[in-house]
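In: this is a predicted model, with the sequence first.
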Amino acid sequence: MNIVVGITGGIAAYKAVNVIRGLVLAGHDVHVVATEAALRFVGRPTLEAISRNTVNTDLYEAVAEVRHVAIGQAADLIVIAPATANTIAKLANGLADDLLGNTVLASTAPVVIAPAMHTEMWQNAATAANVETLRSRGIHLVGPVTGQLTGKDAGVGRMAEPDDIVAEALAVASGSGRGRDLEGRRVLVTAGGTREPLDPVRFIGNRSSGRQGVALAEAARDRGASVTLIAAHLEVPTPTGVTVLRVETTAELLAATSAEAPGHDLTIMAAAVADYRPVGVADGKIKKAATGERLTLELVQNPDILATISAESRAGRLIVGFAAETASSPEELVELGRAKIARKGCDYLVLNTVGWTTGFATADNSVTVLDASGDIVLEASGSKTSVADDILGVFAAALTGAP
Ligand code: CTP
(Lines give C-alpha, C1' and ligand atoms only; values in the text may rest on other atoms or scores of the structure.)
Protein backbone atom coordinates (compact mmCIF):
# COMPACT_ATOMS: atom_id res chain seq x y z
CA MET A 1 0.00 0.00 0.00
CA ASN A 2 0.97 3.60 -0.48
CA ILE A 3 0.64 5.03 3.03
CA VAL A 4 0.98 8.70 3.94
CA VAL A 5 2.14 9.27 7.51
CA GLY A 6 1.33 12.80 8.65
CA ILE A 7 3.41 14.04 11.56
CA THR A 8 2.42 17.15 13.45
CA GLY A 9 4.14 19.25 16.05
CA GLY A 10 3.93 17.49 19.38
CA ILE A 11 6.52 15.84 21.61
CA ALA A 12 5.11 12.43 20.67
CA ALA A 13 6.48 13.07 17.15
CA TYR A 14 9.61 11.18 18.19
CA LYS A 15 7.49 8.05 18.58
CA ALA A 16 6.07 8.49 15.06
CA VAL A 17 9.42 7.15 13.84
CA ASN A 18 8.36 3.72 15.16
CA VAL A 19 4.99 4.02 13.43
CA ILE A 20 6.79 4.63 10.12
CA ARG A 21 9.17 1.76 10.81
CA GLY A 22 6.33 -0.63 11.63
CA LEU A 23 4.53 0.22 8.38
CA VAL A 24 7.74 -0.07 6.30
CA LEU A 25 8.62 -3.43 7.87
CA ALA A 26 5.09 -4.62 7.09
CA GLY A 27 6.01 -4.06 3.43
CA HIS A 28 4.37 -0.72 2.72
CA ASP A 29 5.56 2.31 0.75
CA VAL A 30 5.51 5.11 3.30
CA HIS A 31 5.52 8.81 2.41
CA VAL A 32 5.94 11.22 5.28
CA VAL A 33 4.19 14.57 5.25
CA ALA A 34 5.52 16.50 8.22
CA THR A 35 4.38 19.93 9.32
CA GLU A 36 7.04 22.58 9.94
CA ALA A 37 6.36 22.24 13.66
CA ALA A 38 6.89 18.45 13.52
CA LEU A 39 10.40 19.00 12.17
CA ARG A 40 11.25 20.92 15.33
CA PHE A 41 10.70 17.69 17.26
CA VAL A 42 12.18 15.09 14.93
CA GLY A 43 14.81 15.49 12.20
CA ARG A 44 14.16 15.16 8.48
CA PRO A 45 17.14 12.76 7.98
CA THR A 46 15.68 10.32 10.52
CA LEU A 47 12.28 10.39 8.83
CA GLU A 48 13.80 9.96 5.36
CA ALA A 49 16.08 7.10 6.44
CA ILE A 50 13.31 5.20 8.20
CA SER A 51 10.60 5.82 5.57
CA ARG A 52 13.05 5.30 2.68
CA ASN A 53 11.38 8.22 0.84
CA THR A 54 11.75 11.99 0.64
CA VAL A 55 9.91 13.84 3.39
CA ASN A 56 7.38 16.40 2.17
CA THR A 57 6.70 19.56 4.13
CA ASP A 58 6.40 22.55 1.90
CA LEU A 59 3.30 23.44 -0.12
CA TYR A 60 5.44 25.41 -2.56
CA GLU A 61 7.96 22.69 -3.43
CA ALA A 62 7.59 20.66 -6.65
CA VAL A 63 4.59 22.74 -7.67
CA ALA A 64 4.91 21.46 -11.25
CA GLU A 65 3.99 17.98 -9.95
CA VAL A 66 0.90 19.50 -8.28
CA ARG A 67 2.16 17.85 -5.14
CA HIS A 68 -0.43 19.44 -2.88
CA VAL A 69 -3.04 17.10 -4.34
CA ALA A 70 -0.87 14.34 -5.83
CA ILE A 71 0.25 12.90 -2.48
CA GLY A 72 -3.32 12.61 -1.21
CA GLN A 73 -4.65 11.19 -4.48
CA ALA A 74 -2.00 8.44 -4.49
CA ALA A 75 -2.55 7.42 -0.84
CA ASP A 76 -4.33 4.17 0.07
CA LEU A 77 -4.26 5.11 3.73
CA ILE A 78 -3.40 8.23 5.74
CA VAL A 79 -2.13 7.91 9.31
CA ILE A 80 -1.59 11.06 11.36
CA ALA A 81 0.55 10.44 14.44
CA PRO A 82 0.74 12.41 16.58
CA ALA A 83 -2.34 14.49 15.83
CA THR A 84 -2.16 17.66 17.92
CA ALA A 85 -5.20 19.60 19.14
CA ASN A 86 -4.34 22.23 16.53
CA THR A 87 -4.24 19.71 13.68
CA ILE A 88 -7.49 18.12 14.86
CA ALA A 89 -9.11 21.59 14.81
CA LYS A 90 -7.79 22.24 11.31
CA LEU A 91 -8.98 18.87 10.01
CA ALA A 92 -12.43 19.37 11.54
CA ASN A 93 -12.73 22.66 9.69
CA GLY A 94 -11.24 21.45 6.41
CA LEU A 95 -8.37 23.92 6.57
CA ALA A 96 -5.60 23.51 4.00
CA ASP A 97 -2.94 26.01 4.99
CA ASP A 98 -0.17 23.41 4.88
CA LEU A 99 0.75 20.35 2.84
CA LEU A 100 -0.84 17.90 5.30
CA GLY A 101 -4.18 19.74 5.22
CA ASN A 102 -4.15 19.71 1.40
CA THR A 103 -3.19 16.04 1.35
CA VAL A 104 -6.10 15.02 3.59
CA LEU A 105 -8.61 17.13 1.61
CA ALA A 106 -7.40 15.71 -1.71
CA SER A 107 -7.67 12.09 -0.56
CA THR A 108 -10.51 9.58 -0.45
CA ALA A 109 -8.40 7.08 1.52
CA PRO A 110 -9.28 6.07 5.08
CA VAL A 111 -7.76 8.41 7.66
CA VAL A 112 -6.52 7.16 11.05
CA ILE A 113 -5.40 9.71 13.62
CA ALA A 114 -3.56 9.18 16.90
CA PRO A 115 -4.23 12.23 19.09
CA ALA A 116 -1.58 13.31 21.59
CA MET A 117 -1.89 16.27 23.90
CA HIS A 118 -2.21 17.28 27.52
CA THR A 119 -5.33 16.19 29.38
CA GLU A 120 -6.72 19.73 29.61
CA MET A 121 -6.43 20.22 25.85
CA TRP A 122 -8.06 16.84 25.12
CA GLN A 123 -10.91 17.64 27.51
CA ASN A 124 -11.41 21.16 26.20
CA ALA A 125 -14.89 21.57 24.74
CA ALA A 126 -13.43 22.80 21.43
CA THR A 127 -11.29 19.69 21.01
CA ALA A 128 -14.17 17.42 22.08
CA ALA A 129 -16.45 18.99 19.46
CA ASN A 130 -13.77 18.74 16.78
CA VAL A 131 -13.17 15.07 17.59
CA GLU A 132 -16.91 14.38 17.34
CA THR A 133 -16.95 16.07 13.93
CA LEU A 134 -14.06 13.92 12.72
CA ARG A 135 -15.64 10.73 14.07
CA SER A 136 -18.95 11.54 12.38
CA ARG A 137 -17.07 11.89 9.09
CA GLY A 138 -15.65 8.40 9.46
CA ILE A 139 -12.15 9.34 10.58
CA HIS A 140 -10.75 6.63 12.87
CA LEU A 141 -9.15 7.48 16.18
CA VAL A 142 -6.56 5.37 17.95
CA GLY A 143 -6.23 6.56 21.54
CA PRO A 144 -5.35 8.78 23.18
CA VAL A 145 -4.65 6.53 26.14
CA THR A 146 -4.26 7.25 29.81
CA GLY A 147 -0.70 7.32 31.12
CA GLN A 148 2.43 9.34 31.69
CA LEU A 149 2.43 12.63 29.77
CA THR A 150 5.43 14.71 28.73
CA GLY A 151 6.03 16.35 32.08
CA LYS A 152 5.68 14.83 35.52
CA ASP A 153 1.91 14.60 35.12
CA ALA A 154 -0.19 11.65 33.99
CA GLY A 155 -3.66 11.46 32.52
CA VAL A 156 -5.60 10.92 29.35
CA GLY A 157 -3.91 12.39 26.27
CA ARG A 158 -0.89 10.14 25.79
CA MET A 159 -0.46 8.92 22.22
CA ALA A 160 -1.33 5.24 21.71
CA GLU A 161 1.69 2.94 21.45
CA PRO A 162 3.23 2.85 17.93
CA ASP A 163 2.54 -0.90 17.51
CA ASP A 164 -1.12 -0.34 18.36
CA ILE A 165 -1.35 2.54 15.86
CA VAL A 166 0.20 0.40 13.11
CA ALA A 167 -2.08 -2.57 13.87
CA GLU A 168 -5.23 -0.45 13.95
CA ALA A 169 -4.29 1.53 10.82
CA LEU A 170 -3.66 -1.64 8.82
CA ALA A 171 -6.89 -3.17 10.14
CA VAL A 172 -8.82 -0.06 9.08
CA ALA A 173 -7.26 -0.19 5.60
CA SER A 174 -8.19 -3.84 5.20
CA GLY A 175 -11.78 -3.09 6.21
CA SER A 176 -11.49 -5.00 9.48
CA GLY A 177 -10.94 -2.03 11.79
CA ARG A 178 -12.80 -2.35 15.05
CA GLY A 179 -15.13 0.45 14.02
CA ARG A 180 -18.02 1.21 16.31
CA ASP A 181 -19.38 -2.28 16.87
CA LEU A 182 -20.59 -1.40 20.40
CA GLU A 183 -22.63 1.62 19.24
CA GLY A 184 -25.91 1.70 21.16
CA ARG A 185 -24.62 -0.79 23.75
CA ARG A 186 -24.22 -0.12 27.44
CA VAL A 187 -21.04 -1.49 29.00
CA LEU A 188 -20.27 -1.66 32.73
CA VAL A 189 -16.66 -2.15 33.85
CA THR A 190 -15.43 -2.57 37.42
CA ALA A 191 -11.76 -1.76 37.97
CA GLY A 192 -9.12 -1.33 40.64
CA GLY A 193 -8.67 -2.88 44.07
CA THR A 194 -11.18 -2.73 46.90
CA ARG A 195 -10.02 -1.62 50.33
CA GLU A 196 -11.42 -2.93 53.61
CA PRO A 197 -10.91 -0.53 56.52
CA LEU A 198 -9.47 -1.72 59.83
CA ASP A 199 -9.68 1.64 61.57
CA PRO A 200 -9.83 5.29 60.41
CA VAL A 201 -6.26 5.18 59.06
CA ARG A 202 -5.64 1.59 57.89
CA PHE A 203 -7.07 -0.79 55.37
CA ILE A 204 -6.49 -4.20 53.81
CA GLY A 205 -5.93 -3.75 50.09
CA ASN A 206 -4.30 -5.37 47.09
CA ARG A 207 -1.84 -4.48 44.33
CA SER A 208 -4.31 -4.02 41.47
CA SER A 209 -3.55 -0.81 39.52
CA GLY A 210 -6.83 -0.78 37.60
CA ARG A 211 -4.95 -0.28 34.31
CA GLN A 212 -6.55 -3.19 32.48
CA GLY A 213 -10.05 -2.20 33.60
CA VAL A 214 -9.51 1.44 32.61
CA ALA A 215 -8.15 0.29 29.22
CA LEU A 216 -11.31 -1.81 28.76
CA ALA A 217 -13.54 1.17 29.59
CA GLU A 218 -11.62 3.35 27.10
CA ALA A 219 -11.72 0.69 24.38
CA ALA A 220 -15.47 0.15 24.87
CA ARG A 221 -16.04 3.92 24.67
CA ASP A 222 -14.00 4.13 21.47
CA ARG A 223 -16.13 1.36 19.94
CA GLY A 224 -19.21 3.52 20.50
CA ALA A 225 -20.53 2.08 23.78
CA SER A 226 -22.01 4.14 26.57
CA VAL A 227 -19.71 3.15 29.43
CA THR A 228 -20.04 3.15 33.21
CA LEU A 229 -16.86 2.55 35.19
CA ILE A 230 -17.18 1.49 38.81
CA ALA A 231 -13.80 2.47 40.17
CA ALA A 232 -12.36 1.00 43.35
CA HIS A 233 -8.83 2.19 44.21
CA LEU A 234 -7.00 3.07 40.96
CA GLU A 235 -3.34 3.89 40.39
CA VAL A 236 -4.25 5.59 37.09
CA PRO A 237 -6.59 8.50 36.32
CA THR A 238 -10.17 7.77 35.30
CA PRO A 239 -10.88 8.12 31.57
CA THR A 240 -12.94 10.88 29.99
CA GLY A 241 -16.22 10.19 28.20
CA VAL A 242 -17.38 7.52 30.65
CA THR A 243 -19.57 7.73 33.76
CA VAL A 244 -17.45 7.05 36.84
CA LEU A 245 -18.84 5.75 40.13
CA ARG A 246 -16.36 5.59 43.01
CA VAL A 247 -16.40 2.79 45.57
CA GLU A 248 -14.06 1.72 48.34
CA THR A 249 -15.13 -1.61 49.87
CA THR A 250 -16.47 -4.89 48.51
CA ALA A 251 -19.87 -4.10 50.06
CA GLU A 252 -19.98 -0.78 48.15
CA LEU A 253 -18.86 -2.50 44.96
CA LEU A 254 -21.59 -5.12 45.39
CA ALA A 255 -24.25 -2.44 45.89
CA ALA A 256 -23.10 -0.40 42.87
CA THR A 257 -22.69 -3.43 40.60
CA SER A 258 -26.05 -4.95 41.56
CA ALA A 259 -27.74 -1.61 40.85
CA GLU A 260 -25.97 -1.00 37.51
CA ALA A 261 -25.57 -4.44 35.91
CA PRO A 262 -29.25 -4.94 34.98
CA GLY A 263 -29.12 -1.76 32.84
CA HIS A 264 -26.01 -2.81 30.90
CA ASP A 265 -25.64 -5.25 28.00
CA LEU A 266 -22.15 -6.24 29.06
CA THR A 267 -20.67 -6.27 32.57
CA ILE A 268 -16.93 -6.81 32.92
CA MET A 269 -15.73 -7.48 36.48
CA ALA A 270 -12.08 -6.49 36.21
CA ALA A 271 -11.90 -5.23 39.80
CA ALA A 272 -9.68 -7.07 42.28
CA VAL A 273 -12.15 -7.74 45.06
CA ALA A 274 -11.18 -8.38 48.67
CA ASP A 275 -12.44 -11.85 49.60
CA TYR A 276 -12.37 -11.03 53.33
CA ARG A 277 -12.94 -7.99 55.52
CA PRO A 278 -12.18 -7.35 59.18
CA VAL A 279 -14.98 -8.57 61.39
CA GLY A 280 -15.36 -5.05 62.73
CA VAL A 281 -13.96 -1.59 62.03
CA ALA A 282 -12.39 0.14 65.05
CA ASP A 283 -13.76 3.64 65.71
CA GLY A 284 -10.35 4.93 66.75
CA LYS A 285 -6.82 4.13 65.64
CA ILE A 286 -5.76 0.66 66.82
CA LYS A 287 -2.89 1.24 69.25
CA LYS A 288 0.29 -0.81 69.32
CA ALA A 289 0.33 -3.34 72.15
CA ALA A 290 3.26 -4.02 74.46
CA THR A 291 6.56 -4.82 72.73
CA GLY A 292 6.66 -8.27 71.20
CA GLU A 293 2.94 -8.95 71.55
CA ARG A 294 1.15 -10.34 68.50
CA LEU A 295 -1.95 -8.85 66.95
CA THR A 296 -4.57 -11.17 65.49
CA LEU A 297 -7.04 -9.84 62.94
CA GLU A 298 -10.29 -11.71 62.55
CA LEU A 299 -11.70 -11.64 59.02
CA VAL A 300 -15.08 -12.63 57.63
CA GLN A 301 -15.82 -13.58 54.05
CA ASN A 302 -17.22 -11.01 51.65
CA PRO A 303 -20.05 -11.88 49.28
CA ASP A 304 -18.98 -13.03 45.81
CA ILE A 305 -20.25 -10.25 43.55
CA LEU A 306 -19.59 -12.04 40.27
CA ALA A 307 -21.37 -15.21 41.39
CA THR A 308 -24.25 -13.12 42.77
CA ILE A 309 -24.90 -11.12 39.60
CA SER A 310 -24.29 -14.16 37.36
CA ALA A 311 -26.98 -16.10 39.21
CA GLU A 312 -29.63 -13.45 38.49
CA SER A 313 -31.85 -13.79 35.43
CA ARG A 314 -30.23 -11.83 32.63
CA ALA A 315 -31.55 -12.67 29.18
CA GLY A 316 -29.29 -11.22 26.50
CA ARG A 317 -26.87 -9.67 28.98
CA LEU A 318 -23.28 -10.88 29.15
CA ILE A 319 -21.23 -11.11 32.34
CA VAL A 320 -17.47 -11.46 32.27
CA GLY A 321 -15.13 -12.27 35.15
CA PHE A 322 -11.40 -11.81 35.49
CA ALA A 323 -9.05 -14.15 37.29
CA ALA A 324 -5.47 -13.31 38.11
CA GLU A 325 -3.73 -16.51 39.18
CA THR A 326 -0.22 -17.37 40.35
CA ALA A 327 -0.11 -20.39 38.02
CA SER A 328 3.22 -22.02 37.19
CA SER A 329 2.24 -23.06 33.64
CA PRO A 330 -0.32 -22.11 30.96
CA GLU A 331 -2.01 -25.51 31.47
CA GLU A 332 -2.39 -24.90 35.20
CA LEU A 333 -3.77 -21.41 34.49
CA VAL A 334 -6.47 -22.83 32.21
CA GLU A 335 -7.31 -25.62 34.69
CA LEU A 336 -7.74 -23.06 37.50
CA GLY A 337 -9.83 -20.95 35.12
CA ARG A 338 -12.13 -23.82 34.16
CA ALA A 339 -12.87 -24.56 37.81
CA LYS A 340 -13.44 -20.87 38.51
CA ILE A 341 -15.87 -20.18 35.64
CA ALA A 342 -17.87 -23.27 36.63
CA ARG A 343 -18.04 -21.94 40.19
CA LYS A 344 -18.91 -18.35 39.25
CA GLY A 345 -21.47 -19.03 36.51
CA CYS A 346 -20.44 -16.10 34.29
CA ASP A 347 -20.34 -16.18 30.46
CA TYR A 348 -16.62 -15.58 29.98
CA LEU A 349 -13.54 -15.55 32.18
CA VAL A 350 -10.42 -13.56 31.30
CA LEU A 351 -7.36 -15.25 32.78
CA ASN A 352 -3.91 -13.91 33.39
CA THR A 353 -0.88 -14.90 35.39
CA VAL A 354 0.32 -12.69 38.21
CA GLY A 355 3.31 -12.87 40.48
CA TRP A 356 5.52 -10.66 42.57
CA THR A 357 6.80 -8.96 39.42
CA THR A 358 4.19 -9.68 36.74
CA GLY A 359 0.69 -8.55 36.01
CA PHE A 360 -0.10 -5.55 38.19
CA ALA A 361 1.56 -2.22 37.55
CA THR A 362 2.83 -3.15 34.09
CA ALA A 363 1.67 -1.64 30.79
CA ASP A 364 1.59 -5.05 29.09
CA ASN A 365 -0.59 -8.04 29.69
CA SER A 366 -1.11 -11.52 28.36
CA VAL A 367 -4.55 -13.13 28.68
CA THR A 368 -6.50 -16.27 27.86
CA VAL A 369 -10.29 -16.01 27.57
CA LEU A 370 -12.52 -19.00 28.41
CA ASP A 371 -16.19 -19.32 27.53
CA ALA A 372 -18.81 -20.82 29.86
CA SER A 373 -17.96 -24.36 28.77
CA GLY A 374 -14.28 -23.80 29.55
CA ASP A 375 -13.12 -23.63 25.93
CA ILE A 376 -10.38 -21.15 25.03
CA VAL A 377 -11.90 -18.48 22.76
CA LEU A 378 -9.00 -15.99 22.71
CA GLU A 379 -5.33 -15.72 23.58
CA ALA A 380 -3.97 -12.18 23.37
CA SER A 381 -0.90 -10.35 24.54
CA GLY A 382 0.52 -6.86 24.12
CA SER A 383 -0.21 -3.50 25.66
CA LYS A 384 -3.19 -3.40 28.01
CA THR A 385 -4.87 -1.20 25.37
CA SER A 386 -4.49 -3.70 22.55
CA VAL A 387 -5.43 -6.59 24.86
CA ALA A 388 -8.57 -4.66 25.89
CA ASP A 389 -9.48 -4.22 22.26
CA ASP A 390 -8.97 -7.88 21.42
CA ILE A 391 -11.05 -8.95 24.43
CA LEU A 392 -13.89 -6.58 23.49
CA GLY A 393 -13.88 -8.03 19.97
CA VAL A 394 -15.04 -11.35 21.46
CA PHE A 395 -17.88 -9.79 23.46
CA ALA A 396 -19.01 -7.43 20.67
CA ALA A 397 -19.34 -10.44 18.37
CA ALA A 398 -21.17 -12.42 21.07
CA LEU A 399 -23.63 -9.55 21.65
CA THR A 400 -24.49 -9.34 17.95
CA GLY A 401 -24.73 -13.13 17.74
CA ALA A 402 -21.84 -13.32 15.27
CA PRO A 403 -19.82 -16.55 15.29
N1 CTP B 1 -14.99 -11.44 42.53
C2 CTP B 1 -16.17 -10.94 43.01
N3 CTP B 1 -16.42 -10.95 44.34
C4 CTP B 1 -15.52 -11.46 45.22
C5 CTP B 1 -14.30 -11.98 44.72
C6 CTP B 1 -14.07 -11.95 43.38
O7 CTP B 1 -17.00 -10.50 42.22
N8 CTP B 1 -15.78 -11.44 46.51
C9 CTP B 1 -14.79 -11.42 41.07
C10 CTP B 1 -13.59 -10.61 40.58
O11 CTP B 1 -13.98 -9.29 40.24
C12 CTP B 1 -13.17 -11.37 39.33
C13 CTP B 1 -13.55 -12.80 39.66
O14 CTP B 1 -14.53 -12.74 40.69
O15 CTP B 1 -13.92 -10.98 38.19
C16 CTP B 1 -12.44 -13.70 40.08
O17 CTP B 1 -11.78 -13.13 41.19
P18 CTP B 1 -10.76 -14.03 42.03
O19 CTP B 1 -10.23 -13.22 43.16
O20 CTP B 1 -9.81 -14.66 41.09
O21 CTP B 1 -11.76 -15.18 42.54
P22 CTP B 1 -12.00 -15.84 43.94
O23 CTP B 1 -13.36 -16.44 43.90
O24 CTP B 1 -11.70 -14.87 45.02
O25 CTP B 1 -10.96 -17.04 43.93
P26 CTP B 1 -9.50 -17.18 44.61
O27 CTP B 1 -9.65 -18.24 45.62
O28 CTP B 1 -8.63 -17.57 43.45
O29 CTP B 1 -9.15 -15.83 45.19
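Out: Structure received.
In: secondary structure class for Thr267?
Out: Following DSSP: H, G, I helix; E, B strand; the rest coil, we place Thr267 in the strand state.
In: beta partners of it?
Out: Following DSSP bridges, Thr267 is listed with bridge partners Leu188, Ile319.
In: need the strands for the stretch 151-300 of the chain, in chain order.
Out: Using DSSP state E, counting those that start in this stretch, the strands assigned to the stretch 151-300 of the chain run over residues 154-158, 186-191, 196-199, 202-204, 226-231, 243-246, 266-269, 276-278, 299-301.
In: how about a markdown table for those, with mean pLDDT, distance to the ligand and mean neighbour count added?
Out: For glycine as for every other residue, the C-beta is placed from the backbone atoms N, C-alpha and C. Below are the strands of the stretch 151-300 of the chain laid out as a markdown table (pLDDT from 0 to 100; distance: least, Cβ to the nearest ligand atom, whole Å; neighbours: other Cβ atoms under 10 Å):
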| stretch | mean pLDDT | distance to the ligand | mean neighbour count |
| --- | --- | --- | --- |
| strand 154-158 | 86 | 24 | 22 |
| strand 186-191 | 98 | 6 | 28 |
| strand 196-199 | 97 | 11 | 17 |
| strand 202-204 | 97 | 13 | 16 |
| strand 226-231 | 97 | 11 | 24 |
| strand 243-246 | 96 | 15 | 14 |
| strand 266-269 | 98 | 4 | 28 |
| strand 276-278 | 97 | 9 | 18 |
| strand 299-301 | 97 | 8 | 11 |
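In: figure out which of the ones you listed is closest to Ile319.
Out: Closest of the strands of the stretch 151-300 of the chain to Ile319 is strand 266-269, at 4.9 Å (criterion: Cβ to Cβ).
In: who touches the closest one?
Out: 182, 185-190, 213, 216, 220, 225, 257, 260-261, 305-306, 309, 317-322, 346, 395, 399 (Cβ atoms under 8 Å, 6 or more residues apart in numbering).
In: try stretch 372-389
Out: By Cβ under 8 Å, 6+ apart, stretch 372-389 touches 143, 145, 160-161, 163-164, 167, 178, 211-212, 215-216, 218-219, 334, 337-338, 341-342, 346-348, 363-371, 390-391, 393-394.
In: what does the stretch 151-300 of the chain have sitting close to the ligand?
Out: With Cβ under 6 Å from any ligand atom as the criterion, the stretch 151-300 of the chain meets the ligand at residues Thr250, Met269, Ala271, Val273, Asp275.
In: which two among the residues you listed are spaced furthest apart?
Out: Distances among these were taken as Cβ to Cβ; the most separated pair is Met269 and Asp275, at 13.6 Å.
In: burial measure for Gly382, as a count.
Out: 19 (other Cβ atoms under 10 Å).
In: what strands flank the helix or strand encompassing it, and is each parallel or antiparallel?
Out: Using DSSP states H and E, Gly382 sits in strand 376-383. Partners of strand 376-383 in the sheet, by DSSP bridges, are strand 364-371 (antiparallel).
In: tally of neighbours for the residue in the stretch 101-250 of the chain that the ligand sits nearest to?
Out: Distances between the stretch 101-250 of the chain and the ligand by Cβ to the nearest ligand atom are smallest at Thr250, namely 5.7 Å. Other residues lying near Thr250 total 23 when counted by other Cβ under 10 Å.
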